[in-house]
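*Asks:* My questions are about this predicted structure, shown below with the sequence.
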Amino acid sequence: MIRRPPRSTLFPYTTLFRSLGDVFPNFEAETNEGKIKFHDWLGKSWAILFSHPADYTPVCTTELGRVAQLKPEFDRRGVKLIGLSCDSVDDHKGWIKDIQSYCHLTDPVFPYPIISDAERTLAIELGMVDPVEKGGDGMPLTCRAVFIIGKDNTLKLSLLYPATTGRNFDEILRVVDSLMLTEEKMVATPADWKNGDPCMVVPSVKDQDFPKFFPKGVEVKEVPSGRRYIRVTPQP
């Protein structure tokens, strides 16, 4: 028997979905492109689900437009995109026209679906509710969440921004590059890493295994402690 946490006084239920590595919920939802079941829509691809407080709001308009502009980059990496906002499908369809106009999108077909979550059902389940910001109806707004989901349907990364702060989607692309690389290779990516930069050898790799995993070589950096833990290799 699953024991649920105590019900919140503000929301009908609280999220049971939190941790990296969890299987992402296989929810059903209405979008501007029709009804989806998430795992069926995802297939065997990576995906990004990103939420927005509301339709017809200024920061959200810039974000959805920027993601549309970057869609070819996400396509090149095999990453599907899906947005979420707490308004109706009809509102989404009308708002898309404003996004296309303001962000100078020339393709008349919007390049990814937007989930309708007017009742905040998914926002609550996925822990995306902003406790401070509220809409005109007095209901809490969805914060600016980002979930990156892998081919195995598990959560690889989550970010939560307040409703008042827009996201940098070039950074999201950088993170995708890091996640995909480090899932396949025995490396980690350092601060401010960009695709093509040197990487760090993960601590679990022994020095004698360098030739096996890193044919381009490994440089062990000297530090005052004398410990051999900063080991740098060209990106595999």
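*Replies:* Looks like it arrived, so ask away.
*Asks:* Tell me where this protein is predicted with low confidence.
*Replies:* 1-18, 134-137, 140 (pLDDT under 70).
*Asks:* Please, where are all the helices along this protein?
*Replies:* 38-42, 58-76, 89-102, 121-125, 169-184, 210-213 (DSSP state H).
*Asks:* Give me whichever of the ones you listed is most buried.
*Replies:* helix 121-125 (a mean of 20; mean count of other Cβ atoms under 10 Å). Any C-beta I mention is one placed from the backbone N, CA and C, and that applies to glycine too.
*Asks:* how far is that one from where the chain is centred?
*Replies:* 16 Å (Cα atoms, centre = their mean, to the nearest Å).
*Asks:* Please export the C-alpha coordinates of that helix as CSV.
*Replies:* Listed next in CSV are the C-alpha coordinates belonging to helix 121-125 (Å, rounded to 0.1, in the frame of the first residue of the first chain):
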residue,chain,number,x,y,z
THR,A,121,-3.4,19.1,-12.2
LEU,A,122,0.0,18.5,-13.8
ALA,A,123,1.5,21.5,-12.2
ILE,A,124,0.7,20.1,-8.8
GLU,A,125,1.7,16.5,-9.6
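*Asks:* hang on, the earlier thing: next, format the helices of the chain as JSON lines and append distance to Asp197.
*Replies:* Below are these laid out as JSON lines (distance: least, Cβ to Cβ, whole Å):
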{"stretch": "helix 38-42", "distance to Asp197": "30"}
{"stretch": "helix 58-76", "distance to Asp197": "18"}
{"stretch": "helix 89-102", "distance to Asp197": "33"}
{"stretch": "helix 121-125", "distance to Asp197": "36"}
{"stretch": "helix 169-184", "distance to Asp197": "10"}
{"stretch": "helix 210-213", "distance to Asp197": "18"}
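*Asks:* Nearest to Asn153, out of those helices?
*Replies:* helix 38-42 (5.8 Å; Cβ to Cβ).
*Asks:* what distance separates the closest one from the centre of its chain?
*Replies:* On Cα atoms, centre = their mean, the centre of helix 38-42 falls 15 Å from the chain's centre.
*Asks:* Check which helices and strands it sits against.
*Replies:* strand 79-85 (3 or more Cβ pairs under 8 Å, 6 or more residues apart in numbering; DSSP states H and E).
*Asks:* name the helices or strands packed onto the strand it packs on?
*Replies:* If you count contacts as 3+ Cβ pairs under 8 Å, 6+ apart, strand 79-85 packs onto helix 38-42, strand 46-52, helix 58-76, helix 89-102, strand 114-116.
*Asks:* Describe which strands the second one pairs with in its sheet and in which direction.
*Replies:* Strand pairing for strand 46-52, determined by DSSP bridges: strand 79-85 (parallel), strand 144-149 (antiparallel).
*Asks:* which other residues reach the first one?
*Replies:* Going back to what we said before, that points to strand 79-85. Contacts with strand 79-85, where a contact means Cβ atoms under 8 Å, 6 or more residues apart in numbering, come from 31, 36, 41-43, 45-55, 60, 64, 67, 71, 74, 91-92, 95, 111-117, 122-123, 128, 142, 176.
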